[in-house]
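> Pasting the sequence and the predicted coordinates here, then a few questions.
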Amino acid sequence: MQQFKRALYGFASSVALCAAFCATSNTAAAADQAIRIGVITSLTGVAAQSGEQMKAGIDTYLRLHGDTVAGKKLQIIYKDDTGPQADVAKRLATELISRDNVDIITGFVFTPNAMAVAAVVDKAKKPMVVMNAASSAVTTKSPYITRTSYTIAQSVKPLAEWAYKTGSRRVFSIVSDYAPGLDADTWFTKAFTALGGTVTSSVRVPLTTVDYSAYLQRIKDEKPDAIHVFLPNGQPMVSFIKAYKEKGLDKAGIRFLGGEGWADEDVLSMGGDAMLGIYTAGFYSFSRPGADNAKFLEAFSQTVSGRFKPNFLSVSAYDAMALIAKTLTKTNGNTDGTIFMNAVKGYGAPSPRGTVAIDDKTNDIVQTIYIRRIDKQNGKYVATEIDRYDNVRDPAK
């Protein structure tokens with residue numbers, strides 16, 4: 001009897017062990033069927049709003065298209081870089097690859113963070129899809145990097161060409177003294193002077209500037225046809241445009257030329273009537289027409305419960321997910337860096353911003369840059385598209 005009990009106990013233990021092993025094997029198999037995507041963005045800190053836009057763009061894509069590609073589930077893993085922290089971003093990328101076993105890395109509000117991670121993905125041979133980080137040099141740092149946002153040069157060159165085409169001959173350039181601002185000044189000046197225009201002055205203001213009145217008085221005294229402005233998104237833009245109107249530069253016939261970000265909902269709402277009549281160049285505004293954008297707006301509103309409108313960051317994130325999904329479909333779920341990047345070549349797709357593509361030679365975005373005027377319609381501030389430059393590549397490459 002005792003022997004029978006021991007045999008029965010041994011059999012039960014074997015069954016339990018087998019069940020546990022099978023469960024573990026099934027869990028491992030399920031994990032193997034997941035494609036892990038690491039997102040490095042700003043969830044806290046000075047750029048938390050930008051990170052929120054990125055996350056909302058990703059979530060909106062998943063809401064519309066689902067989280068399964070080539071029979072595998074997309075698993076999104078977020079890491080908070082807390083702001084322009086290159087060392088932090090590099091550490092997070094290393095953790096994502098070595099500890100979380102991610103297959104693809106994406107995100108990046110800031111260029112320094114993307115540049116720091118480039119070396120990590122290059123060594124690991126992991127695909128990296130940049131959702132913002134607008135310095136031209138980013139995609140040159142590794143053959144495993146592509147980008148769905150834009151470059152400063154790509155946006156500023158059409159703005160300079162449009163300014164000259166529509167009558168400006170003397171422009172005062174004022175930018176914040178950091179890498180994107182310097183890129184904007186360089187490319188506006190290069191494009192505008194090549195056409196025969198004159199940049200009367202190029203002024204660089206500290207990033208900490210909150211009062212622009214002295215600069216604007218100087219601009220008014222110089223009497224240019226227009227001013228070209230590049231500032232960090234958000235409050236600096238609002239402070240500048242209000243001072244521009246208070247100093248009467250608009251009434252003096254000095255028109256305003258800005259880049260991406262001036263058509264964002266938060267800037268429009270904070271700037272109010274001071275925004276009316278300014279001109280901006282960029283690839284997306286929430287008020288742009290078209291069925292693709294209408295569908296995106298509806299899904300985005302559901303994603304964020306109507307709390308805010310999408311900006312260029314959320315559309316870049318949405319399009320990054322579209323690129324990842326379409327490329328994985330071509331590779332049948334294979335995330336090998338070389339195979340993935342070869343499949344990126346020839347990419348083209350409709351987008352809320354219009355049609356986008358990836359340049360086969362540079363792995364960078366090709367898209368339409370719109371010239372927009374800020375108007376007021378039905379009591380709301382909107383960006384009205386008044387001109388467009390199609391199939392724009394990064395002129396820095």
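Cool, got the structure. Numbering: from 1, shown residues only.
> contacts, neighbours, all on C-alpha from now
Fine.
> ok, and residue 73, which helix or strand is that part of?
Residue 73 is part of strand 72-80, with elements assigned from DSSP states H and E.
> same thing with residue 57?
Using DSSP H and E, residue 57 maps to helix 48-65.
> Which elements pack onto that helix?
helix 291-303, helix 312-331 (3 or more C-alpha pairs under 8 Å, 6 or more residues apart in numbering; DSSP states H and E).
> Run the angle between it and helix 291-303 for me.
110 degrees (axes from the mean of the first three to the mean of the last three C-alpha atoms, to 10 degrees).
> List the buried residues for helix 48-65?
Residues 48, 50-62 are the ones in helix 48-65 that count as buried (16 or more other C-alpha atoms under 10 Å).
> from these, which is closest to residue 218?
Nearest to residue 218 among these: residue 50, at 32.6 Å, using C-alpha to C-alpha.
> Show the pLDDT at the closest one.
We have a pLDDT of 95 for residue 50.
> what about the helices in this structure?
2-32, 48-65, 86-98, 111-124, 152-165, 179-194, 213-222, 235-246, 265-271, 291-303, 312-331, 337-344 (DSSP state H).
> Contacts for the last one next, please.
The one in question is helix 337-344. Helix 337-344 is contacted from outside by 125-127, 143-144, 323, 327-328, 330-331, 334, 358, 363, using C-alpha atoms under 8 Å, 6 or more residues apart in numbering.
> Looking at those residues, which is nearest residue 379?
Comparing the contacts of helix 337-344 against residue 379 with C-alpha to C-alpha picks out residue 323 as the nearest, at 36.5 Å.
> what's the burial count for that closest one?
Using other C-alpha atoms under 10 Å, residue 323 has 23 other residues around it.
> Residue 387 - how many residues pack around it?
Number of residues near residue 387 (other C-alpha under 10 Å) recorded here: 13.
> ok, now the one 10 residues further on?
Other residues within reach of residue 397, judged by other C-alpha under 10 Å, total 12.
> Now do the same contact list for residue 159.
Contacts of residue 159 by C-alpha under 8 Å, 6+ apart are 188, 257, 259, 280-281, 371.
> What's the per-residue pLDDT of it here?
98.
> Okay, it and residue 392: tell me how far apart.
12 Å (C-alpha to C-alpha, to the nearest Å).
> so which of the helices and strands packed on helix 48-65 comes closest to residue 108?
helix 312-331 (9.9 Å).
> Name the residues of the closest one that come out as buried.
By neighbour count with 16+ other C-alpha under 10 Å, helix 312-331 contains the buried residues 312-328, 331.
> can you list the helices of the chain in TSV and add distance to residue 41?
Shown next, in TSV, are the helices of the chain (distance: least, C-alpha to C-alpha, whole Å):
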stretch	distance to residue 41
helix 2-32	24
helix 48-65	5
helix 86-98	9
helix 111-124	9
helix 152-165	20
helix 179-194	18
helix 213-222	33
helix 235-246	20
helix 265-271	20
helix 291-303	18
helix 312-331	11
helix 337-344	22
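> of all the ones you listed, which lies closest to residue 350?
helix 291-303 (7.6 Å).
> Show me what that closest one is packed up against.
When contacts are defined as 3+ C-alpha pairs under 8 Å, 6+ apart, helix 291-303 sits against helix 48-65, strand 348-351.
> wait, residue 211 sits on residue 239?
Yes. Taking C-alpha atoms under 8 Å as the definition, residue 211 is a contact partner of residue 239 at 7.3 Å.
> out of those two, which sits in the more crowded spot?
More crowded of residue 211 and residue 239, by other C-alpha under 10 Å: residue 239, with 18 against 12.
> And that one, how far from residue 396?
As for residue 239, its distance to residue 396 is 31 Å (criterion: C-alpha to C-alpha).
> Equivalent analysis for residue 231, please.
Distance check for residue 231 against residue 396: by C-alpha to C-alpha, it reads 21 Å.
> and what of residue 390?
Residue 390 is 17 Å from residue 396, where distance means C-alpha to C-alpha.
> neighbour-wise, which of the two wins?
Comparing residue 390 with residue 396 by other C-alpha under 10 Å, the one with more neighbours is residue 390, at 15 against 12.
> Do I have it right that that one meets residue 371?
No. Applying C-alpha under 8 Å as the test, residue 390 and residue 371 come out as separate, 11.3 Å apart.
> coming back round to it: can I get the helices and strands packed on helix 291-303 in CSV including distance to residue 289?
Listed next are the helices and strands packed on helix 291-303 as CSV, based on distance: least, C-alpha to C-alpha, whole Å:
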stretch, distance to residue 289
helix 48-65, 18
strand 348-351, 12
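> Of all the ones you listed, which one is nearest residue 219?
Of the helices and strands packed on helix 291-303, nearest to residue 219 by C-alpha to C-alpha is helix 48-65, at 31.0 Å.
> How about residues contacting the helix holding residue 57?
For helix 48-65, the surrounding residues in contact (C-alpha under 8 Å, 6+ apart) are 41-44, 82-83, 107, 109, 131, 296, 299-300, 303-304, 310-311, 313-318, 321-322.
> Residues contacting stretch 371-379, please?
Residues outside stretch 371-379 that contact it (C-alpha under 8 Å, 6+ apart): 159, 162, 263, 275-282, 381-388.
> For ChimeraX, what selects the buried ones among these?
Here is the ChimeraX command that picks out the buried ones among these, judged by 16+ other C-alpha under 10 Å:
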select :159,162,263,275,276,277,278,279,280,281,282,381,382,383,384,385,388
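> Brilliant, that's me finished.
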